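*Asks:* what follows is a predicted structure for the sequence shown.
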Amino acid sequence: MWIRLLFLVFCGLLVLWGCGESSPEVSGPDGQAIYTQNCVFCHGADGRRGLNGAGDLTASTLPLELRKEQITNGKGLMTPYKNILTPEEIDAVARFTLTLTAP
Ligand code: HEC
């Protein structure tokens, strides 16, 4: 009898675990949406536009931390975003620009 109960509990745990896995991730800011709203004008939808000397993001080798820093503080003609985006949004959009460099 108790074996059966244990079995049921075990199954319940598995189901819970399964649900945890399939449920959508805790949704943070949408990096792509932020990029579309703030960055496309200079960098272009695919990151290659390069208006006003904006770096070709697909060719950028800048690591994530430096991207976040540059987006936060700006550089040259690029706008600083520290008063426009939250740190979480800057993180999300920086991660999105990394996907533009993927082969
Ligand atoms: C006003 C135009 C403009 C906008 C808007 C803009 N950028 Fe830039 N961006 C530039 C310019 C110009 C550079 C090159 C700066 C330099 O090196 O002097 C640059 C460089 C970069 C680089 C570094 C590329 C490299 O390898 O050197 C990243 C990453 C970047 N931008 C991301 C973003 C993101 C993300 C956004 C939106 C949140 C954004 N930019 C919005 C103009 C802009």
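*Replies:* That came through fine.
*Asks:* which positions in stretch 93-103 come out as buried?
*Replies:* Neighbour counts over stretch 93-103 (16 or more other Cβ atoms under 10 Å) mark 93-97, 100 as buried. (Glycine included, C-beta is placed from N, CA and C.)
*Asks:* and the ligand, which of those contact it?
*Replies:* Among the buried residues of stretch 93-103, proximity to the ligand is found for 93, 97 (Cβ under 6 Å from any ligand atom).
*Asks:* filter the buried residues of stretch 93-103 down to just the ones in helices.
*Replies:* Secondary structure assignment (DSSP state H) places 93-97, 100 from the buried residues of stretch 93-103 within helices.
*Asks:* with adjacent residues omitted, what lies nearest to the residue nearest in space to the middle of the chain?
*Replies:* Nearest to the mean C-alpha position of the chain, counting by Cα atoms, centre = their mean, stands residue 92 at 3.2 Å. Nearest-residue entry for residue 92: residue 31, 3.7 Å, with adjacent residues in sequence omitted and distances by Cβ to Cβ, 6 or more residues apart in numbering.
*Asks:* tell me the confidence at the one you found?
*Replies:* Among the per-residue scores, residue 31 shows a pLDDT of 97.
*Asks:* separation between it and residue 66?
*Replies:* Remark: distance between residue 31 and residue 66 (Cβ to Cβ, to the nearest Å) = 17 Å.
*Asks:* these two: which is more packed in?
*Replies:* Here residue 31 and residue 66 are compared on neighbour count by other Cβ atoms under 10 Å; more neighbours surround residue 31, at 19 against 12.
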